[in-house]
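Asks: how does the following fold in three dimensions:
(chains A, B, C and D)
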There are 2 protein chains.
Amino acid sequence: MADADAPYHHGNLREALLARAETVLTASGADSLSLRALARDLGVSHAAPGRHFRDRQALLDALAVGGFTRLNERLRAAVGGPGPVTARLARMGRAYIGFAVAHAPLLSLMFTAKHADHSSAELRELGHQSLEIAAELIALAQQEGVVRAGDPARLAQVAFSVVHGLAALAVGSLLEDTPLDEATDLALDVLLTGLAAARPDIS
Amino acid sequence: MADADAPYHHGNLREALLARAETVLTASGADSLSLRALARDLGVSHAAPGRHFRDRQALLDALAVGGFTRLNERLRAAVGGPGPVTARLARMGRAYIGFAVAHAPLLSLMFTAKHADHSSAELRELGHQSLEIAAELIALAQQEGVVRAGDPARLAQVAFSVVHGLAALAVGSLLEDTPLDEATDLALDVLLTGLAAARPDIS
DNA sequence: ACCTGAACACCGTTCAAGT
DNA sequence: ACCTGAACACCGTTCAAGT
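Replies: Residues are numbered from 1 along each chain as shown, chains lettered A, B, ... in the order given. I've put the predicted structure just below:
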């Protein structure tokens, strides 16, 4: 992994640390992510990471920011395609679940807002963007009459809850022998049906 | 915190460790849970915890088992009350969300199944019980005609996804200024509407 | 500007030894 | 049976010093 001639003293140590960190994160989870091991892997002194990240949490936050950025790109690509709004909503849900199960440790980093102080403002902003992407599509669906009236932002929270929760069940091995695809189809069916119209009777 | 006369050498060290660990977990999260600090707090040698928990993860797993046990008690109490099935379903959802946001670090311990080997079989079984509680109530609701046909276990997965996901959004500060109560009401409305009947048109 | 080496104060885990 | 003390191999973080 280490290479004595690698140009880490030339300014790209930060990116190299992030890349290696993401590999370790995906393979072994956040708990086994050590700055000293990262430095060792990159052939650099154990104090070098401290020049680019204030502390371990700052490195984790940077990974989470990258995760949200990529997630939002994928969500935008999913909603941007052709087809009726309901199909685009379903596609967005599937994109979210696909990303979440493929990058489970990254997602848990993205959603556990540690020490609300410094960089977590950026994280909350990026998370808010995810919800906004859904809210915009829901607003469009309302115009077309396929989604009930109501604040699109709040309806987006519900839609997000379904897909985020289902991904969590899948990652936690709580889906038993149900194939994720089938669970996803059912969840999206229930969600879109529930979004279509307000219930006639109140519980 | 330490007491030289405390009877920890009398057999209750395991329980004392778990109790203290849960306090620290709730206050500061799993990351700042150290066996050595626990031992210090209880006035015992740093190697003593090793007599009761094979390693740190075993202590975390034991906390998660306790969490699921209490969660399932609360879910059973919520579904057991009076009223129409839809009201009981809504009560169960609210009970889940209440527990989840009140014990966020514990919940993340419960759902992140580390090393699937030893004690996580018990964890998966307890998680499965949570879903079964919901599935039974959904089966009853089907008999009463207020929930669509389909495998109750799979419909329970969807119901769980909604409440688990909403709790995650709340804990992650992604609900912005939406009061959790209102988000919960809307989520349960969408869920129960979507569960009520299959959609006429397919997306 | 960027990195190193030593230092400090922590960790988890193991294991002989005590009672 | 249960706990201790020392030991080992790790950590994150800081800081003077090097280039």
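
Asks: need the contact list for the nearest residue to A:Q129 once chain neighbours are set aside.
Replies: Leaving aside its sequence neighbours, A:Q129 sits nearest to A:N72 (Cβ to Cβ, 6 or more residues apart in numbering or on different chains; 5.4 Å). Every residue, glycine included, has its C-beta placed from N, CA and C. A:N72 makes contacts with A:126, A:129-130, A:133, as judged by Cβ atoms under 8 Å, 6 or more residues apart in numbering or on different chains.

Asks: what does A:S34 give?
Replies: Listed by Cβ under 8 Å, 6+ apart, A:S34 has no contact partners.

Asks: from A:L35, how far off is the residue of chain A found nearest DNA strand D?
Replies: Using Cβ to the nearest atom of the strand, the closest approach of chain A to DNA strand D is made by A:D55 at 2.8 Å. Distance from A:D55 to A:L35, counting by Cβ to Cβ, to the nearest Å: 9 Å.

Asks: who's more crowded, these two?
Replies: Ranked by neighbour count (other Cβ atoms under 10 Å in any protein chain shown), A:D55 and A:L35 place A:L35 first, with 18 against 11.

Asks: I figured the more buried one hits A:R56, correct?
Replies: Yes - assessed by Cβ atoms under 8 Å, A:L35 is found in contact with A:R56 at 5.7 Å.

Asks: next, format the contacts of A:N72 as a markdown table and append neighbour count and secondary structure.
Replies: Below are the contacts of A:N72 laid out as a markdown table (neighbours: other Cβ atoms under 10 Å in any protein chain shown; DSSP: H, G, I helix; E, B strand; the rest coil):
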| residue | neighbour count | secondary structure |
| --- | --- | --- |
| A:L126 | 18 | helix |
| A:Q129 | 15 | helix |
| A:S130 | 21 | helix |
| A:I133 | 20 | helix |
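
Asks: could you work out the end-to-end span of stretch A:31-38 for me?
Replies: 13 Å (Cα to Cα, to the nearest Å).

Asks: do the host helix or strand of A:L89 and chain B meet?
Replies: Secondary structure assignment for A:L89, by DSSP states H and E: helix A:85-102. Yes - Helix A:85-102 comes into contact with chain B (Cβ under 8 Å from any Cβ of the partner chain), by way of A:86-87, A:89-90.

Asks: what's in contact with that helix?
Replies: Helix A:85-102 has contacts (Cβ under 8 Å, 6+ apart) with A:70-71, A:74-75, A:77-79, A:81, A:83, A:107, A:133-134, A:137-138, A:140-141, A:144, A:146-147, A:159-160, A:162-164, A:166-168, A:170-171, A:180, A:184, A:187-188, A:191-192, B:203.

Asks: just the C-alpha atoms of stretch A:129-147, please, in PDB.
Replies: Below are the C-alpha coordinates for stretch A:129-147, written out as PDB (Å, rounded to 0.1, in the frame of the first residue of the first chain):
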ATOM      1  CA  GLN A 129     -31.200  18.900  -0.200                       C
ATOM      2  CA  SER A 130     -32.100  15.200  -0.400                       C
ATOM      3  CA  LEU A 131     -35.500  16.000   1.000                       C
ATOM      4  CA  GLU A 132     -35.900  18.900  -1.300                       C
ATOM      5  CA  ILE A 133     -35.400  16.800  -4.300                       C
ATOM      6  CA  ALA A 134     -38.200  14.600  -3.200                       C
ATOM      7  CA  ALA A 135     -40.400  17.500  -2.200                       C
ATOM      8  CA  GLU A 136     -40.100  19.100  -5.700                       C
ATOM      9  CA  LEU A 137     -41.200  15.900  -7.400                       C
ATOM     10  CA  ILE A 138     -44.100  15.500  -4.900                       C
ATOM     11  CA  ALA A 139     -45.200  19.100  -5.700                       C
ATOM     12  CA  LEU A 140     -45.200  18.200  -9.400                       C
ATOM     13  CA  ALA A 141     -47.200  15.000  -8.600                       C
ATOM     14  CA  GLN A 142     -49.700  17.200  -6.700                       C
ATOM     15  CA  GLN A 143     -50.100  19.400  -9.800                       C
ATOM     16  CA  GLU A 144     -50.900  16.300 -11.800                       C
ATOM     17  CA  GLY A 145     -53.400  15.200  -9.200                       C
ATOM     18  CA  VAL A 146     -51.800  11.900  -8.300                       C
ATOM     19  CA  VAL A 147     -50.700  13.000  -4.800                       C
END
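
Asks: just the buried positions in it, please.
Replies: For stretch A:129-147, a neighbour-count test (16 or more other Cβ atoms under 10 Å in any protein chain shown) marks A:130-131, A:133-135, A:137-138, A:140-142, A:146-147 as buried.

Asks: and A:A187, what element?
Replies: Taking DSSP H and E as the criterion, A:A187 maps to helix A:180-196.

Asks: quick revisit: any chance of the residues of helix A:85-102 next to chain B in a markdown table with distance to DNA strand D as columns?
Replies: What follows is the residues of helix A:85-102 next to chain B, written out as a markdown table (distance: Cβ to the nearest atom of the strand, whole Å):
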| residue | distance to DNA strand D |
| --- | --- |
| A:T86 | 46 |
| A:A87 | 45 |
| A:L89 | 41 |
| A:A90 | 41 |
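
Asks: take those and write them to a markdown table, including neighbour count and pLDDT.
Replies: Formatted as a markdown table, those follow (neighbours: other Cβ atoms under 10 Å in any protein chain shown; pLDDT from 0 to 100):
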| residue | neighbour count | pLDDT |
| --- | --- | --- |
| A:T86 | 21 | 96 |
| A:A87 | 14 | 97 |
| A:L89 | 26 | 98 |
| A:A90 | 20 | 98 |
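
Asks: need the max-distance pair from those.
Replies: Greatest spatial distance among the residues of helix A:85-102 next to chain B (Cβ to Cβ): A:A87 and A:L89, at 7.3 Å.

Asks: the closest residue to A:L126 other than its chain neighbours: neighbour count?
Replies: Leaving aside its chain neighbours, A:L126 sits nearest to A:F68 (3.6 Å; criterion: Cβ to Cβ, 6+ apart). Residues lying near A:F68 (other Cβ under 10 Å) number 24.

Asks: and A:F68, helix, strand or coil?
Replies: State at A:F68, reduced to three classes by DSSP: H, G, I helix; E, B strand; the rest coil: helix.
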